[in-house]
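> I need the structure of the sequence given here:
(one chain, ligands or ions: 1)
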Amino acid sequence: MEPCLSSPQIHLPKTNDGEGKSGEPSAVHVKKCKEIISTLPRKKGWKGSSDYLHQYQGFWYYDSFLEGIMSAQDHFQARSQDIIVASCPKTGTTWLKALTFAIATRTSFDDSTCTSPLLTKAPHECVPFLEIDLANDSSNRNMELNLVATHIPYVSLPHSILASGCKIVYIWRDPKDVFVSMWYFVAKQMISKDSEPISLEEAFELFCQGIVNYGPYWDHVLGFWRARVEFPEKIMFVKYEEMMKDTCFYVKKLAEFMGYPFTSEEEERGMVENVINMCKFEKLSNLEVNKNGMHRPNTSLEIENNLYFRKGKVGDWENELTAEMGARLDWIVEQKLSGSGLKLM
Ligand SMILES: Nc1ncnc2c1ncn2[C@@H]1O[C@H](COP(=O)(O)OS(=O)(=O)O)[C@@H](OP(=O)(O)O)[C@H]1O
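Reported below is the predicted structural model:
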């Protein structure tokens, strides 16, 4: 029998209020979420004076994400063959989505990689986000694809994920690079809306207090790490920096874990390298869809695909943070991880 991952407390009651049209949340659900959110602790966010993050089950969120999480907790039906691509934002999600998608679909595009959907669709379109794209209606999933991504912390995952015993791949990254990546991501969005971006120093203070969308970062990592210690066969951990250093090793390991191991014939034909090259930062970021395309156009979550590609480098924080800031964040995270068996470096 498949082991059931340990189940955290989910506090939202199950609803039976039906769906809105085409995956929209029902009015009853939205009302219920808003009522719950209005009772939650809140702190000023990263996007100006009237911007707030709310704390739910120990983590901070913008309301639109939180409504999606609550909805996903109520509605999402995982299947045992699903593979969940999990991460905190800015840790390498886009890269991991591309790699897992390329691995899982490689036989369909075997002889000519020029037919891969990754050439014409953004990685975020290829692998949907559970709490955004599938939150209200998981029936609009592409059932042939067993990949679903999420930033939801382990403690708040929909119960069906834990009950189904499906596999989870988790990526994490040096928190200093995560912070810098997040700051640029938020600042660029604000500038594009003619708003004054939050200063790097102000954002850094918030990040160090754990106040960031889906934060505290260290608690996010620790939640999945503890689950991995308990269920090593169900959860795979990948570190961005390590995968950068030896992508070939990790792509093979990922494929094996996902249940799509490369055959020796495929290896001889260079399939591992094909997958790696297809998902390289330089390749993806130069595609028309990722340079000029828009994700979720004409919705409140519309975003330019190019914002998901900045530098794709290890250690870029050194160009943005002082050595003192770097040491402070390292110290905070090392304290939080101490005793867990997980090491920053
Ligand atoms: N293919 C590929 N290879 C390596 N690195 C990549 C790739 N695609 C995106 N990136 C870099 O990942 C950072 C964005 O993180 P996420 O993808 O987790 O962002 S998000 O959570 O999906 O919004 C962000 O990092 P920074 O460059 O440091 O900001 C992206 O540039």
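
> now the helices for the stretch 101-250 of the chain?
For the stretch 101-250 of the chain, the helices defined by DSSP state H, counting those that start in this stretch cover 123-126, 159-164, 175-192, 200-208, 217-230, 240-245, 247-258.

> so which of these gets nearest residue 58?
Taking CB to CB, helix 217-230 is the member of those nearest to residue 58, at 6.5 Å. Bear in mind the C-beta positions are built from the backbone N, C-alpha and C, glycine included.

> average pLDDT for that closest one?
Averaged across helix 217-230, the pLDDT comes to 98.

> how about that helix, does it reach the ligand?
No. Helix 217-230 lies out of reach of the ligand by CB under 6 Å from any ligand atom, never closer than 11.5 Å.

> would you indicate which residues of stretch 185-201 are buried?
Buried residues in stretch 185-201, defined by neighbour count with 16 or more other CB atoms under 10 Å: 185-187, 189-190, 197-198.

> name the residues that touch that stretch?
46-48, 89-90, 183, 203, 303-304, 307, 310, 320-321 (CB atoms under 8 Å, 6 or more residues apart in numbering).

> thinking again about what came up before, mind putting the helices of the stretch 101-250 of the chain into TSV with distance to residue 27?
TSV is the format used below for the helices of the stretch 101-250 of the chain (distance: least, CB to CB, whole Å):
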stretch	distance to residue 27
helix 123-126	28
helix 159-164	24
helix 175-192	28
helix 200-208	33
helix 217-230	31
helix 240-245	40
helix 247-258	39
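
> spatially nearest residue to the residue of the stretch 151-300 of the chain found nearest the ligand (excluding sequence neighbours)?
Per CB to the nearest ligand atom, residue 181 is where the stretch 151-300 of the chain lies closest to the ligand, at 3.2 Å. Spatial nearest neighbour of residue 181, chain neighbours left out: residue 90 (4.0 Å); criterion: CB to CB, 6 or more residues apart in numbering.

> the ligand contacts on the stretch 201-345 of the chain?
279-281, 284, 308-312, 316.

> switch the cut-off to 5 Å
With CB under 5 Å from any ligand atom as the criterion, the stretch 201-345 of the chain meets the ligand at residues 281, 284, 309-312.

> can you map out the strands along this structure?
Ranges of strands within the chain are 42-44, 52-56, 59-61, 83-87, 147-150, 167-172, 235-239, 294-295, 303-304, based on DSSP state E.

> the first one packs against which elements?
Identification of packing neighbours for strand 42-44 by 3 or more CB pairs under 8 Å, 6 or more residues apart in numbering; DSSP states H and E yields strand 52-56.

> which residues sit in contact with the residue nearest to residue 181?
Shown in contact with residue 90 (CB under 8 Å, 6+ apart): 173, 177-178, 181-182, 185.

> what's the most distant pair in those?
Greatest spatial distance in the contacts of residue 90: 173 and 185, 13.6 Å, computed using CB to CB.
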